[in-house]
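Asks: Can you look at this prediction? I've put the sequence above it.
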Amino acid sequence: MDSITFQYSNDTIEYDQKTDTFKIPIRFGSANIAGGLDRYLKFSYSFNDELEGKVKRVVISPDGLDTAVINHMDPMTHQFTHQWDVRTRVGGTADAVIYMQAHKITPDDWIAVQMESSRLKGLKPVRPAWDSTRVLEYKDFGPALNAKLLESMKKKAVADVATDSKAVQDEAKKKIDQVKVDEDFAKVLPQVVTGAHKEQAKTDLDDEAATVSCQD
């Protein structure tokens, strides 16, 4: 349909460091036309297997209808979905926010959005009736999410070594700055922090040993 709306922007993605959660807004749907009879409107969100296990909830807010908070995936359809009885409404558009556990997005990851507008099951005639699907591929959202996550993880790594000596901090910061988005940064950055703490512990032990030796 020419009236289908699909709006997504990497600029609207948020990363909540406190909850380690991505918030991914998507607007999707069709023109809203009056004059139907016994209608329903359904929105569904699905993901590849890896992302599926990371989704915490999907909040769906269709224009002019109650907001639905979907905390669990339908095990039969593998979708986060909700249906509204809309009586005479034909079509409709919804703003949705996908809450996803933050992690590095991979090239195999995708997000699919589906809407369905039809007459309640068993009632005829059903027309006009349609469903429409749009898919976000890795290239559409993956690099942006990874960049936001990397930026936040770098800040956290710097903060985590803030109690170490200046020399240890400076060395750790050099390593942190060198980590790139195409690396396994979710693994590398914690290793840098752990290495800095070990180096600090070694320095503390050496200083303590030197102090004891002087006292002797």
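Replies: Received the coordinates, thanks.
Asks: mean confidence score for stretch 198-215?
Replies: Mean pLDDT, stretch 198-215: 73.
Asks: Next one: the residue nearest to Pro62 when sequence neighbours are not counted from Asp184, what distance?
Replies: For Pro62, ignoring the flanking residues on the chain, the nearest one in space by Cβ to Cβ, 6 or more residues apart in numbering is Ala94 at 4.0 Å. For every residue, glycine as well, the C-beta is placed using N, CA and C. Distance of Ala94 to Asp184, computed by Cβ to Cβ, to the nearest Å: 36 Å.
Asks: Which one's more surrounded, these two?
Replies: For Ala94 versus Asp184, neighbours defined as other Cβ atoms under 10 Å are more numerous around Ala94 (23 against 10).
Asks: so what pLDDT did the more buried one get?
Replies: On the pLDDT scale, Ala94 gets 96.
Asks: mind checking the SS state of it?
Replies: strand (DSSP: H, G, I helix; E, B strand; the rest coil).
Asks: give the contact list for it.
Replies: 27-29, 43, 60-63, 115 (Cβ atoms under 8 Å, 6 or more residues apart in numbering).
Asks: Neighbour-wise, give me the winner out of the residues you listed.
Replies: Going by other Cβ under 10 Å, Phe43 tops the contacts of Ala94 with 27 neighbours.
Asks: Which of the contacts of Ala94 sits closest to Ala147?
Replies: Checking those against Ala147 by Cβ to Cβ gives Arg27 as the nearest, at 22.3 Å.
Asks: ok, back up a step: please identify which pair of the contacts of Ala94 lies farthest apart.
Replies: Ser61 and Met115 (13.4 Å).
Asks: follow-up on the earlier one: and the residue nearest to Pro62, what are its bridge partners?
Replies: Counting by DSSP bridges, Ala94 forms beta bridges with Phe28, Pro62.
Asks: Against Gly195, how distant is the nearest residue to Gln17 once chain neighbours are set aside?
Replies: Excluding its sequence neighbours, the residue lying closest to Gln17 (Cβ to Cβ, 6+ apart) is Ser152, at 5.3 Å. Noted for Ser152: a distance of 20 Å to Gly195, by Cβ to Cβ.
Asks: thinking again about what came up before, the residue nearest to Gln17 contacts Lys18, correct?
Replies: No - when contacts are counted by Cβ atoms under 8 Å, Ser152 is not listed as touching Lys18 (10.6 Å).
Asks: between these two, who's got more neighbours?
Replies: Using other Cβ under 10 Å as the criterion, Ser152 and Lys18 rank with Ser152 on top: 15 against 5.
Asks: element containing that one?
Replies: Taking DSSP states H and E as the criterion, Ser152 maps to helix 138-160.
Asks: Can you give me the buried ones in that helix?
Replies: By 16 or more other Cβ atoms under 10 Å, the buried positions in helix 138-160 come out as 138, 141-142, 144-146, 148-150, 153-154, 157-158, 160.
Asks: Adding pLDDT as columns, could you present the residues you listed in CSV?
Replies: As requested, the buried residues of helix 138-160 are arranged in CSV below (pLDDT from 0 to 100):
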residue, pLDDT
Tyr138, 96
Phe141, 94
Gly142, 94
Ala144, 91
Leu145, 91
Asn146, 93
Lys148, 90
Leu149, 90
Leu150, 93
Met153, 90
Lys154, 93
Ala157, 93
Val158, 95
Asp160, 93
